[in-house]
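Asks: test case, fold it:
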Amino acid sequence: MANVVGVDEFTGEWYPGFRPEFLEGPYIVDGTGPFKKSDEDQFWFLDFHWSRGLTPLAAFTWGHDGYCWGTQHAAESLPLPPGRGVTSRFAGTHLYGSAIPETDPREIGARANRLGTNLPHFLQNYRPYWESGRDELEATWDYFQGIDLTQAKTADLPGLIRQARRYHQRSMEIHFGVMYPLLVNFLGFYGACAEMGIDTNQVGKFLQGEDTKIMETDRGLADLAVKAKRAGLREVFEGHDGSTLRGALSQHGGSASQWLTDFDDFLQVYGHRQEATCDVGVPSWLEDNQIPLDMIRSFVLKDDDHDFEAAARNAVQEREEAIDAARSGLTKEEQAVFDSGLATNRAANFPWWQDDHNYYIDLKVMIPLRRICQELSDRVGGSHKDDMLYLFWPELMDVAAGKPYSGELKSLVENRRQYFDHWGAKRGEMPKVLGTVPDSVEDPVLIEIFGLNPAAIRAVQNPNAAEETVLSGLAAAKGQATGVARVLQSSDDMHRLEPGSILVCESTSPSWTPAFGKIAGAVCDGGGMLSHAAIVGREYGVPTVTACGIATFAIKDGDTVQVDGSAGTVTVLKRAADTADAATAEAGSA
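Replies: Sure, this is the predicted structure:
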C-alpha cells in the first residue's frame, strides 16, 4: 500500500493577497501554484535549489518559466518516452517538484521512436548546439549590460521587464533542451555498464577531469587569497567576516587598497553570479560582496593553499585508472560497447556541461530582471530596492505601466516580506516528500540530479530519522574522512565551515564549490551521480556521500561523523549533545 504524506497543512492561504490568476502563464502539461488537496495523488519532492524559499516574483518566473515551461517543453521536444517534464507546487515559500509521467503505452512507444531519431542527431551536433545556444544567451546578456537603467525612460521599463523575462524563458528552453538528451545518453551508458558487471559507482569517474568555468572562478578566488597573504593582510581577514571585510580593508589602506582593486577587477569578470539557481530574489556578487569575500577568507585562513593543479591531475589519473580497470574485466565485444558509449559521453560530457551551463545560465540570467525591478522600485517610491520582487507578475506589470505603488499594495509587500521570512525559518522542518510516495521514480532528472533512488525514498519515510546514527547513500566520491559536522541550510552559512569540517546540507550548487577546498567530507540529503556535490567531490578529492535522504535531520550540528565515500555510508560517532552533557557534568563535579 502506497504511503501518503498529507498536504493539508500547506493548502491554506498562500502569500497575502494572492489570487489564482496571478500565476497564469505558459506551460505544456501542467502549471504551478500552491498545494491543493488533490495534489496528494502525486509524488512531490522538496527542491534543494531554493532553501531560502522564493519571493512571489521568483515563484512565478521559476515555477512557470523554469519547471512548467522549460522542462515540459524539452521533454516534449526530445521527447522523453515515459515522462513529460516536471511541475511544481508551493508549501509556503518552499517549492516542491513532481515528475509528470506518460502512461499511455502507445504514446510511450511513439515517443521512443522519435527519441531514436532525435537523440543521435543531437549527439552528433551537441557541441555546436550548446555553443550556439550559449552564444545567443551571451548576446542577450551583452544587450542588457549595455543599458544604463538610470537613463532609461520610465515608459520603457515595461518592455525591458518583458525582455528580461523572455531572456529567462529562452535560457530554460536551451538549458533543458541540452540537459535531457545528455541525461538520456548518460543513462544508456550507465545501463550498459551495469549489464556488463561494471561497478556503477565508477561510471561518474569515467567523465571527470575536465576544466570548467566554475573551477576557473574558484581558482580566481584562491589566487586572490594568495595575494592577500603575500600582502600581509591575513590579520585583517582573521578579524572580520565577509560583511565587514571590505570596510576593514578600505580603512587598512596601503597594500589592502591594491588588493581591493584586484578584487573589483575579478568581480567585473566573475561577479555576475547569484547564490541560487535562477532566483530573482538573490543579489549578485557585484551587488553584495559578502559571499565572495567570505569564500576568499576561507582560503586565506587555511594554512595550506589548495593545490588546484594537483587536484586536476589526480582527477585525470583516477579517471584513467577507473577506465582501465573497467575495460580489463570485459570481453572484446563488451570493450567495443564500452568504448563506444564512453566516447559518446566524453564528447557530450554531462559533468562538464553541468558547471558550464551554471556559469552561463543558472547563476546570472535573473540579474537583468532584478536590476530593472530595483530601478522601478526606486522610481515608484518603494520602501526597499527589492519591493518589486514581492509582487506577482501581473501586479509588477501594472506598477510598471503606471499603477500607483502606495497604500494597500505597498502594505501588501511588507506583509509578504514577513510571510517570506516566516517560512524561511521553517525550512529545516519541511517534509522532504509530500503526496503519494512511490517505491521508485523513472524521470532521469529526479534520479541523477536529485538522487531520488529507492533507498533515499525509503529513508525520508522513516519516522525515526532524527535518531538514526548510520546513514546510507550514494558513494559519490571515494575516500574516508572523520570530522565535526556543520549542518548548513544554505551557502549563506559557509563561513561557519572550518578546515576539516564535514559539510552536511540538502545538496550543493556552484556557490558551495570553494568549500570543497577546505572541508574533509560532504554529506547531502539529495543529489545523484551527476549532481554538483558528486561532481565536485570527485574533482576535489573530497569523500562525498549524496542521496542520504535524511542527513540534515539525523546529523546535528557539532556531531562527530565519519564519511565513507567509497561505501556510501555516514556514521555518527559522537553526538554533540552528549559531548556537551559530559562537559557540563565534569564542570559540575569540579
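Asks: can you report how many residues neighbour Ser340?
Replies: 12 (other Cβ atoms under 10 Å). Where C-beta positions appear, they are placed from N, C-alpha and C, glycine not excepted.
Asks: correction: the previous question concerned Gly565.
Replies: Residues lying near Gly565 (other Cβ under 10 Å) number 29.
Asks: ok, now Arg52?
Replies: Residues lying near Arg52 (other Cβ under 10 Å) number 22.
Asks: now do Ala567
Replies: 14.
Asks: for it, pull up the helix or strand it's in.
Replies: Using DSSP states H and E, Ala567 maps to neither a helix nor a strand.
Asks: again with the one 3 residues further on
Replies: Using DSSP H and E, Val570 sits within strand 569-574.
Asks: and that strand, which strands flank it?
Replies: Using DSSP bridges, the strands paired with strand 569-574 are strand 470-472 (antiparallel), strand 560-564 (antiparallel).
Asks: pick the most deeply packed of these.
Replies: strand 560-564 (a mean of 22; mean count of other Cβ atoms under 10 Å).
Asks: list the contacts of Asp339.
Replies: Taking Cβ atoms under 8 Å, 6 or more residues apart in numbering as the criterion, Asp339 is in contact with Arg327.
Asks: quick one, which of the strands paired with strand 569-574 is nearest to Ile147?
Replies: Of all the strands paired with strand 569-574, strand 560-564 sits nearest to Ile147, with 47.3 Å by Cβ to Cβ.
Asks: pull that closest one out as CSV, backbone CA atoms only.
Replies: Output in CSV follows, covering the C-alpha atoms of strand 560-564 (Å, rounded to 0.1, in the frame of the first residue of the first chain):
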residue,chain,number,x,y,z
THR,A,560,31.4,13.9,15.1
VAL,A,561,30.8,11.9,11.9
GLN,A,562,32.7,9.5,9.6
VAL,A,563,32.1,9.8,5.9
ASP,A,564,32.9,6.7,3.7
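Asks: so for that strand, mean pLDDT?
Replies: The average pLDDT for strand 560-564 rounds to 97.
Asks: and the contacts of it?
Replies: Outside strand 560-564, the residues that touch it by Cβ under 8 Å, 6+ apart are 475, 480-485, 502, 504, 520-523, 543-545, 555, 570-574, 576, 579.
Asks: now do that strand: distance to the chain's middle.
Replies: Centroid displacement of strand 560-564 relative to its chain, using Cα atoms, centre = their mean, to the nearest Å, is 24 Å.
Asks: chain center to stretch 507-518: distance?
Replies: 10 Å.
Asks: what is the rounded mean pLDDT of that stretch?
Replies: On average, stretch 507-518 scores 82.
Asks: just to revisit the earlier point, can you tell me which of the strands paired with strand 569-574 is nearest to Glu138?
Replies: Nearest to Glu138 among the strands paired with strand 569-574 is strand 560-564; the distance by Cβ to Cβ comes to 38.6 Å.
Asks: quick one, strands of the stretch 401-550 of the chain?
Replies: Using DSSP state E, counting those that start in this stretch, the strands of the stretch 401-550 of the chain run over 433-437, 470-472, 474-477, 480-487, 502-505, 521-524, 544-546.
Asks: redo those strands as a markdown table? Include distance to Ala110.
Replies: Shown next, in a markdown table, are the strands of the stretch 401-550 of the chain (distance: least, Cβ to Cβ, whole Å):
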| stretch | distance to Ala110 |
| --- | --- |
| strand 433-437 | 27 |
| strand 470-472 | 39 |
| strand 474-477 | 33 |
| strand 480-487 | 47 |
| strand 502-505 | 41 |
| strand 521-524 | 37 |
| strand 544-546 | 35 |
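Asks: where does the prediction get shaky in the protein?
Replies: Residues of the chain meeting the criterion pLDDT under 70: 1-2, 580-590.
Asks: domain ranges for it?
Replies: 3-180+381-429, 213-308, 465-580 (automatic domain parsing).
Asks: picking up where we left off before, Arg496 is nearest to which of the strands of the stretch 401-550 of the chain?
Replies: Among the strands of the stretch 401-550 of the chain, strand 480-487 sits nearest to Arg496 (Cβ to Cβ), with 5.4 Å.
Asks: can you pull the buried residues of the closest one?
Replies: By 16 or more other Cβ atoms under 10 Å, the buried positions in strand 480-487 come out as Ala481, Thr482, Gly483, Val484, Ala485, Arg486, Val487.
Asks: same check on stretch 136-143?
Replies: Buried, per 16+ other Cβ under 10 Å, within stretch 136-143: Leu137, Thr140, Trp141.
Asks: which residues touch that stretch?
Replies: Tyr167, Arg170, Ser171, Ile174, His272, Tyr360, Ile361, Lys364, Val365, Pro368.
Asks: quick one: list the elements packing against the one helix or strand the second one maps to.
Replies: Assigning secondary structure by DSSP H and E places Arg170 in helix 157-195. If you count contacts as 3 or more Cβ pairs under 8 Å, 6 or more residues apart in numbering; DSSP states H and E, helix 157-195 packs onto helix 72-77, helix 105-124, helix 126-145, helix 332-347, helix 350-357, helix 367-380, helix 393-400, helix 444-448.
Asks: this completes my enquiry, with thanks.
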